[in-house]
Structure formats: C-alpha cells, structure tokens
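Participant: structure, please.
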Amino acid sequence: MKLFKPKFWDKNNIIVFILWPLTLITRLVILIKNYKTSHKTNIKSICVGNIYLGGTGKTQLVIKLNEILKKKYKIFIIKKYYKNQIDEQKLLSKKANLILPKNRIFSLNKIKNSKKNLAIFDDGLQDKSLSYNLSIVCFSSITGVGNGKLLPAGPLRESLSKLSDYSAVFINGKKNKYLENKIKKYNKNIKIFSGEYFLKNKNDFDLKSKYLVFCGIGTPESFFKLLKENKIKIEKKIVYPDHYNYKFSDIDKIKKIAKENKLKILTTEKDFTKINKFNNFNVKFTNIDLYINNYKSFKRFIINNL
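Facilitator: Down below sits the predicted model:
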C-alpha cells in the first residue's frame, strides 16, 4: 500500500517533535553510507538527484540533459530498478538507452569505455559508492526544503549541509528567492539554475470543456497549476500517491465520476504509461517540456564540467 506525503513534512508541529528522535537513525545510515569507497570510472557521468524526497522534477531534467548532449555523446540513462517506478522507466526508455540495474556500479560495466559515452544517472546522489563528474540537486519551488528535517520527521533524505558536496542546484518552478537564499546558506558558491514546465500539446485540449484531472505524482500541485495557467478548466481532482499502480476499480471510479458530471478526463504522461493498458478508457494526457532559464549559461556549465 502506498502512502501520501505527510502534511507535517511541510511545517513543524507536534508530530515532527515526536518523530525527531528517529532522525538519528537516518543520520546513522547516512554516516555509514558516507564511508563507502567511491568507485571511479573513466566514463563521464552526471547524476541528477534530490535531497527532498519526491516531486522535484529530476526525471524531466534528465530528459532535457539527454536532449542537450545527445549530439556530442552517446548517452546511457541509468536508473536503479524499482518495481514501483515503471512509469518513469517507460518515459525514459522512449528518450535514450536506458539501463535498469539493481546496483549502479554494475551498470557501468555495460557501457564501453569511450570518451564519446556519457552516463546520466536518474537519482543516486545518496549512493556514495560512485563519484560523478557533475552532481545536480533538484528542488521544487513549491515544496522547497519542507520543514527542513530528515526522514521520517521531514522530507529530507540527507542534511542540507551536504549541498557543499554537489556541483549545482536546479529549481523547478517560479523564482523562489527564499529557497535560493536557504541553499546559499549551506554552499555560497554553488551554481543555481532554474526552469519551468510548459505544455507542448495545448491545442489537444478543448478549452471550453471541463475536465476531471487525476494523477499520481510527487507534487500534484505543480501539475494543477500548469493546467490552470493554460486555461484548462479543472472541475474535479483525484490525487493518488506517487508512482501509483492503477487498478480496474480506480479506472471504473474515474469513468463513473466523469460520466455523472459530463467531464472529459485528463492526466499526466507519466500516469498515462500505466493506464493505457485499460480498454475503453478515453483519456488525454499532457506532453510537457522543460524551459531552462539562462539556457546558454546552463549548457556551457554542463559541457565545461564534463
């Protein structure tokens, strides 16, 4: 059973205080991981990860990096295999050579040692067994750093002080000066880039119609916000946990509500990869792209540091 992100992750309350002692276990696990021997390789590599657990847009940034660098390198996207992340795996497999290892180090054995090859890791910043040419931490401008506490009292996979170990930060969403200042507090020299999503297939949607919108992603608020910015009328919302595995009963419920309220149905491309197996389910999905602010500066930074 998958759970929703706890509301207390975004603000301090009594539950955070009760769970705080358990963060000592998280600190111990991190400490043990940090003592791993770092495996060096001649294959150039970029790791795109996060500190805030889920919904920071790292997969979309991986897709964009593949787009930027594919003329210069033969790219292999490496994403550790998890049974519950079929949606992202399908999305990435459409874009480049995708390797799904159970161990990230072993995945490098499948890539020929050549200056023309590049490994882009989707997640893996907390895996200290590998060293990368570039390490990029993703944040959402909506969720920021949450309450700033480690799991399980907060949403952080490691302390914000670890920002000192990484090459750059990428913020998905509107400019967030508070978040930028918070990041600079821990690493005043870190490069901060940002970008926003835009809807590539806006013409596929009838702006006069009303929609039932459902999704199972890390930050559903950003999805709903994008739709509203594009004048798509949301009449009903159904939110599922991130990486949710849809059942027939879920689809029947969505169809029933849509029919009763005379609504069209809309979801994300990531969710669509999991529901297109259901017959007689008329649903549209969004095709989004990432617009990078100061694109030339971002591209130059990436190329110069490989």
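Participant: show me the helices in the stretch 1-150 of the chain, by range?
Facilitator: 14-19, 23-34, 58-69, 86-93, 104-107 (DSSP state H, counting those that start in this stretch).
Participant: can you list the buried residues in the third one?
Facilitator: Looking back up the chat, that one is helix 58-69. 58-66, 68-69 (16 or more other CB atoms under 10 Å). Where you see a C-beta, it was placed from the backbone N, CA and C, and this is true even at glycine.
Participant: same thing with stretch 160-170?
Facilitator: 160, 162-163, 166-170.
Participant: sec struct for Pro241, please.
Facilitator: Per DSSP: H, G, I helix; E, B strand; the rest coil, the secondary structure class of Pro241 is coil.
Participant: could you check how many residues crowd around it?
Facilitator: Neighbourhood size, Pro241 [other CB atoms under 10 Å]: 16.
Participant: okay, it: pLDDT?
Facilitator: We note a pLDDT of 94 for Pro241 in this prediction.
Participant: one more: the one 5 residues further on?
Facilitator: Per-residue confidence (pLDDT) for Tyr246: 95.
Participant: show me where the stretch 201-306 of the chain has its strands.
Facilitator: Using DSSP state E, counting those that start in this stretch, the strands of the stretch 201-306 of the chain run over residues 210-215, 233-239, 264-268, 284-286, 288-292.
Participant: for Lys253, see how far away the residue sitting furthest away from the middle of the chain is.
Facilitator: Largest separation from the mean C-alpha position in the chain: Glu260, at 34.0 Å (CA atoms, centre = their mean). From Glu260 across to Lys253, the span is 11 Å (CB to CB, to the nearest Å).
Participant: try Leu98
Facilitator: 32 Å.
Participant: more neighbours: those two, which one.
Facilitator: Comparing Leu98 with Lys253 by neighbour count (other CB under 10 Å), the higher total belongs to Leu98, at 17 against 13.
Participant: per-residue confidence at that one?
Facilitator: Checking the pLDDT column for Leu98, the value is 95.
Participant: what residues are up against Ile63?
Facilitator: 91-92, 95, 290 (CB atoms under 8 Å, 6 or more residues apart in numbering).
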